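In: Model the following, please.
(chains A, B, C, D and E, ligands or ions: 5)
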Amino acid sequence: MKEVILSKDQQAAVSTLKSLEEPTRASTGKVRAGYTVIFTQPMKLFPYFFGLVFLLLWQFRGIHTLFSLERYQLPIPSDILTAMRENGDILLIYTLYTGVEIIGGFLIGSLLGWLAAVAASFRPQAGAGAISIMASLNAVPIVALAPIMNNWLGDGVASRMGIVSVMTMATMAVSTYKGLRSIEPSYLELMTSYAASTRQLFLKLRLPKALPAIFSALKINMSTSIIGAIVGEFFIASRGLGYLLSDQIRLANMPLAWACIVIAAILGIVLYTIIQLVEKRFIPWSISNR
Amino acid sequence: SDKSATTTPVASTAAGATKSPSAEPLKKVKIQLKWVPQAQFAGIYAAKEKGFYKDEGIDVEIVPGGPDVIIEQQVINGAVDIGVSSFDSLLVNRDNGLPLVSLAQVTQKSSYRLLSKKSTGIDAPAKMKDKKVGTWMGSQQFQVLAFMEKNGLDPKKDIQLVKQGFTMDQFFGDQLDVATATIYNEYYVVLESGVKETDLNVFNFDDAGVAMLEDTLIAKKDWVDKNHDLAVKAVRATMKGWNYAIEHQDEVVDIVMKSVTAGSTTKQHQTTMLKEMAKLVRPEGFKNDQVGSFVDESVTRTADIALKYGLIKKPADLTAAIDKTILQGK
Amino acid sequence: MNSDLSQQKVEISVDGVCMVFGKKGKQVTVLQDISFDVAQNEFVSLLGPSGCGKSTLLRLMADLLQPSSGQIIIQKEHPREVRLRRKFGIVFQNPTLFEWRTVRENVELPLEVMGRSRAEYRSMVDQLLETVGLTKFKDYYPWQLSGGMQQRVAIARALSLDPPILFMDEPFSALDEFTKEKLQFELLEIKRKTNKTIVFVTHSIPEAVFLSNRIIVLSANPGRVHSVHHVDLGEDRTLQTRESKRFHTLTASIRNCFYEESVALDDQIG
Amino acid sequence: MNSDLSQQKVEISVDGVCMVFGKKGKQVTVLQDISFDVAQNEFVSLLGPSGCGKSTLLRLMADLLQPSSGQIIIQKEHPREVRLRRKFGIVFQNPTLFEWRTVRENVELPLEVMGRSRAEYRSMVDQLLETVGLTKFKDYYPWQLSGGMQQRVAIARALSLDPPILFMDEPFSALDEFTKEKLQFELLEIKRKTNKTIVFVTHSIPEAVFLSNRIIVLSANPGRVHSVHHVDLGEDRTLQTRESKRFHTLTASIRNCFYEESVALDDQIG
Amino acid sequence: MIKLDRQWHQAAVIACWIAALLLLWEVLAWLLHNVIQVSQPDSKLPYLHKVITSLQDNLPTLIKQGFTTFGNAMTGFLIGAMFGAALAISMSLSKTVEHTLTPYMVASQMVPIIGLAPILYGILHDPSLSRIIMAGYVTFFPVTINSLRGLRSVQPEQLELMRSIAASTWHSYLKLKLPSALPGLFAGLKISAPLAITASIIVELMGAPDGIGVLMVSSLYYGAAQVYMFWCTVLVSIAIGFTTFLMLVLLERWLTPWQPDFRESRRGGS
Ligand SMILES: Nc1ncnc2c1ncn2[C@@H]1O[C@H](COP(=O)(O)OP(=O)(O)OP(=O)(O)O)[C@@H](O)[C@H]1O
Ligand SMILES: Nc1ncnc2c1ncn2[C@@H]1O[C@H](COP(=O)(O)OP(=O)(O)OP(=O)(O)O)[C@@H](O)[C@H]1O
Ligand SMILES: Cc1ncc(C[n+]2csc(CCO)c2C)c(N)n1
Ligand SMILES: [Mg+2]
Ligand SMILES: [Mg+2]
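Out: Ligands and ions are numbered 1, 2, ... in the order given. Alright, predicted model coming up:
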């Protein structure tokens, strides 16, 4: 690395380093310039490195020593892996089962919340109030939702989808409504000057402007959905990761319980990453994506 | 704790004079209930209210349970000192390496019943074939399994085990053909909802000889070793409380009613609950000083069922699981 | 008001318009009793000190604001009707580009809103981008453009509808003299060809004189019509126009009257 | 590079600066091999066609962008050091005001950041607001101001630090001629009094000539130094300066060279 | 005056909505009981008037338990909001930190409290501290995501301005990033505040002596006799959530009056 610095103009190298310290719009163009990649590479690898250290620390009970935990409280990764291998079939089936609940509930809830926000944005005078009522749905705990949904929708997949839908609706509604409403007046004036219809105003201005907020809501909803489906299964379900988790944790079979948690976490990260990628695709113009 | 101080001044001063002459500060002990405050734990509330704990120089804090509380975890983590758990649950937790011991056995008989509506025509265990049978899962499903096998059904194939929530709505909504109920609560919940006793078929695990032991006092092994005397006193006071509760049911229901979440239950319901609990804690033929003791036959049966159905993987070391020295009081 | 307008068709008539901003108790009168007419195919420039209300006046004519009193009639109708029939284009003082649209897509915005088919306007938009010199940048996003380029996108966008009336708020202020001159000629050419009526805000007196048929000088605090100047340079403006004696006399006289007004204002404030 | 600079202290030296934007494969060279010096207390204007890279160049000097190659030295140091010592003020092409701050608070921003005490700068800020003619509007929020007023806030903000170096990107473009002239004089006065070095981007050739000691004309695609013009109008610029023969000759000659370049460019593109 | 009118208007609108929803409830309940004649209609949706009767009967209890839950929720919410904002800030400081922390943050949200609580107790050995942390844990995520979006979407030019005056990281957060992230932060808070009620109820299920959650679970457990009580607790938790949301709406209006939606109408007075 030293050679690279010396082979270039000293000043240029200095400025390269500087630009690394303070990433701005400036450095994005700059970072591409060949040799700087060498500097950025370790930074890009750091998250993986960190993850590895974390795993090792966990496996060799660093975490246990640090917090004086026992293995029966927090099993180590190899125990969890073993549990996963031994229960591979059931875990796979349950993951799919819970996955259906997650994705179904996520889509329905997000869509309903989105529709509510859109409807409210067309008539903000009446809509703002509706959004605040909807927002308070977030205050209904799963303990209450689970029996209600069980009574309404039975004890199958639909029940958890109902729980997840209610849990995700408010977030999407609040976030989208905010995005649709916070628009600089001059943009509205421009569209007014074209006599744009309400629909066009929505499609061409409000919606694109709200996309970042919508994606924030999707990200939050993704994790809400997973927790909603899993905890929803605690109460009545006879299948699924949440059912297995609650059962095994009561039986103090921590490795299998944690296998459920780990699978849920991986599922969460995968689904979350998908949303992030879609976001990058959909809104390359947002400042944070430039 | 302040409640007992104000309501039973006589008892506490008397105790102070006789039992703890040096006026040592009260030792704190936290007792974790298995569920929300109710007459299921009447003995503990009675002991606290009547100053039995204080007499032993103990200041007990009663920690309510709930659907998300796992008693063994609470005890193991030191969040509480003593927990009210189930004996079967204790065995499985021990099997998984948690160093817990049982100090006393509160209930001697199974509270669990299987219920079916007469309208379903399930009037004999054999008719449960291919039906949906509700259970609370966890360790509690195993006596259901034993019950089925005892009645000639293959518990793995012949019935459909369904997880039951903490409401009886699934039973009412016909999502279950057969539901599990405790005789002290769910059974009355069903009756209170308007279903007549005559409309129900009730199956008793005890009668079938497959009952597993339930409410038991557990503690962490090294806590007991360090606080043996304290454990002895706490258990002694609790059992004294139970005897008192069984003998003064009306008074103790009033005591319990002070601790239940106001508005969520009725005095009548708690009265029934205590009446039923009394039968489980001090069944016919049990003497006062036997309350809390371990009946070998029940203990071994519980361990056998647990082993047979894979609840535990290795035979339970019952001498290690039960700290008999506590009840013996020395 | 203007006798020589009587034989021409009045396109826009501003009549006793007042504009008050702010809440009760803290109100500021920004425009007071503004009256003037704009004839069809006329090019009228608004000149006035910074903050005197030119942009506000343009917004009033475009039905983006409602006057506190007085009225504006365009093509014998309320500005609202004219707006709804998409009879005017507007260039704001800020480019106001949509950050999620490329240059090309920004220019196409009004056409999309009008529901025209892409096939129909594709070559026309190319032509417009050519005119404002942005052909090479048509796939750039607004944040990749220089200030002047952004302004040119806004101009192209306003022209894309080919409206009979144009409201332009300092459209050339961020352009270099050459580009500006080029676009000035283009604008005049477009006006001539398509018979447009143009209301134009600028701070450059020579620009106003070069482009306009009439110049309305506003005074500030509150904004009022200070004076109206007819620019008798004929319809054809060429490079020579700028060199002409008349051009310079006009420029100088407007500058004078403008200075008078400004000095008066300055005394008033200072 | 400039012989007559040799005896003066070089304040800013731009040496072979290139600037490339965009990702690999789609790179655009915006500035190519730019070199010039600015002496202490010199007023240098940058002129050039829209999009040629003037704003980019200013950003490079202000250490807001890093050159792809070449280097810039200010006061014998990397621009970064100079920036960290707060030796320059900058006026962007857009006002860039903070919408949650009033006019006054926007002007005070750099002073707050420098950790000066309010008592100390209170009267100075009042003075500045007076200079830019916004005393009456000091409690307004940016969205309540006209375009020109916003720009004046940005100017006052840059001046509030009283930095030895000023980078100004078309600061007067949205101002009427009277206000502009007034501020031009103020700027020259400030420069004289406090010995400032000023790099100034403008599109107005007369403005550049009137204000500058030297004018650097850039050509576009990619941006290069086209020519450098010394403005020998003496240090004292007055109203008469604008009327002087020399002023007009200079203006004309720069306009010519600018046109040449632009026509060449136009041919090249067209 | 106008403001007050508007707020009364808002209150009236909300009242109308609530009335409409309650009416809908009663109608649906009637349908369930009489038209569709489902089994156990009361546990599906009881008659509203019966729930309200029960609400009246148990009002003191519900208010007492409601306040307990509200208090716990606010503690957890404050902790969660602060932690969430702090996390967003540290992630906005560097992309590396963001990339490193994001997966853990997402993963953390997947661990149900029931899995986490034992470990937390095991680490802290303190039930009340554990509960507060758990309440915060459930609420921080939306705050982080929304604040991070706010922090990351600062206008680049405004950032450049802060750089040009060599603002310390502290200052650029205090004076630029935090104010411009406030709208995002509030969006997150508005999602989190009602969620905090859920969180504190969840925590109550981990063995609290009282609170709405305990009441909720008990009334479910004791069956049909308590079904109206159960629905009362649901109504109370919604009401608390609604209150916290409205408090934030007011706080937002008060702290960020510059947001477009909150500005004085641009329309002129009268
Ligand atoms: N929402 C508002 N509230 C209060 N005052 C406002 C508002 N909008 C504009 N103003 C005031 O109206 C006046 C006129 O503004 P306008 O933008 O029309 O000026 P202008 O003539 O276009 O100025 P410039 O040449 O600087 O662009 C200004 O003094 C401004 O402060
Ligand atoms: N992030 C970017 N990516 C790609 N190209 C860019 C980017 N930023 C600026 N450019 C290009 O750099 C060139 C110079 O821009 P700059 O803003 O410096 O021009 P300018 O001389 O200030 O023009 P104007 O007089 O119009 O303000 C433009 O052609 C622009 O398209
Ligand atoms: C998840 C779950 N597990 C168990 C029960 C049943 N239950 C609640 S309290 C109690 C007393 C134990 O003796 C019993 C059996 C339930 N309702 N939900
Ligand atoms: Mg204006
Ligand atoms: Mg520029």
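
In: how does chain E divide into domains?
Out: Here the domain assignment for chain E is E:1-45, E:46-269, based on automatic domain parsing.

In: how about those, which one is nearest residue B:261?
Out: With respect to residue B:261, and counting by CB to CB, the nearest of the domains of chain E is domain E:46-269 at 4.8 Å. Bear in mind the C-beta positions are built from the backbone N, C-alpha and C, glycine included.

In: So, low pLDDT: which residues of chain B?
Out: B:1-23, B:330 (pLDDT under 70).

In: ok, the one residue in it that gets nearest to ligand 4 - contacts?
Out: Nearest residue of chain B to ligand 4, counting by CB to the ion: residue B:68, 62.2 Å away. Neighbour list for residue B:68: A:234, E:113, E:114, E:117, E:202, E:205, E:206 [criterion: CB atoms under 8 Å, 6 or more residues apart in numbering or on different chains].

In: got the residues you listed as a markdown table, with secondary structure and distance to chain B columns?
Out: As requested, these are exported to a markdown table (DSSP: H, G, I helix; E, B strand; the rest coil; distance: CB to the nearest CB, whole Å):
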| residue | secondary structure | distance to chain B |
| --- | --- | --- |
| A:234 | helix | 8 |
| E:113 | helix | 7 |
| E:114 | helix | 5 |
| E:117 | helix | 7 |
| E:202 | helix | 7 |
| E:205 | coil | 4 |
| E:206 | coil | 5 |
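
In: So which of those is the closest to ligand 4?
Out: Using CB to the ion, the contacts of residue B:68 come closest to ligand 4 at residue E:202, 55.4 Å.

In: quick one, what contacts the closest one?
Out: Residue E:202 touches A:141, A:142, A:143, B:68, E:113, E:134, E:138, E:213, counting by CB under 8 Å, 6+ apart.

In: can you check residue B:38 too?
Out: Applying CB under 8 Å, 6+ apart, the residues near residue B:38 are B:185, B:256, B:260, B:265, B:270, B:273.

In: which phi and psi does the closest residue to the first one other than its chain neighbours have?
Out: To tie it back to what came earlier, the one meant is residue B:185. Distances taken as CB to CB, 6 or more residues apart in numbering or on different chains put residue B:273 closest to residue B:185, at 6.2 Å, once the chain neighbours are dropped. Backbone torsions of residue B:273, given as degrees, to the nearest 10, read phi -60, psi -40.

In: what's the burial count for residue B:273?
Out: Neighbourhood size, residue B:273 [other CB atoms under 10 Å in any protein chain shown]: 23.

In: Just confirm it contacts residue B:186, I think it does.
Out: No - assessed by CB atoms under 8 Å, residue B:273 is found out of contact with residue B:186, at 10.8 Å.

In: ok, now how distant is residue E:196 from ligand 5?
Out: 48 Å (CB to the ion, to the nearest Å).

In: Same question for residue A:66.
Out: Separation of residue A:66 from ligand 5 (CB to the ion): 55 Å.

In: For the contacts of residue B:68, give me JSON lines that also has pLDDT.
Out: Conversion of those to JSON lines gives the following (pLDDT from 0 to 100):
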{"residue": "A:234", "pLDDT": "89"}
{"residue": "E:113", "pLDDT": "76"}
{"residue": "E:114", "pLDDT": "73"}
{"residue": "E:117", "pLDDT": "78"}
{"residue": "E:202", "pLDDT": "82"}
{"residue": "E:205", "pLDDT": "81"}
{"residue": "E:206", "pLDDT": "77"}
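
In: Make a markdown table out of those residues and add distance to ligand 5.
Out: Formatted as a markdown table, the contacts of residue B:68 follow (distance: CB to the ion, whole Å):
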| residue | distance to ligand 5 |
| --- | --- |
| A:234 | 60 |
| E:113 | 55 |
| E:114 | 59 |
| E:117 | 58 |
| E:202 | 55 |
| E:205 | 61 |
| E:206 | 60 |
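
In: among those, who's most crowded?
Out: residue E:117 (29 neighbours).

In: residue ranges with poor pLDDT in chain C?
Out: In chain C (pLDDT under 70), the answer is C:1-7, C:261-270.

In: Strands of that one, start to end?
Out: C:10-21, C:28-39, C:43-47, C:69-74, C:88-91, C:165-169, C:197-201, C:214-219, C:224-230 (DSSP state E).

In: if we can go back for a sec, would you point to the one among the domains of chain E that's packed deepest?
Out: Across the domains of chain E, the average number of neighbours (mean count of other CB atoms under 10 Å in any protein chain shown) peaks for domain E:46-269, which reaches a mean of 22.
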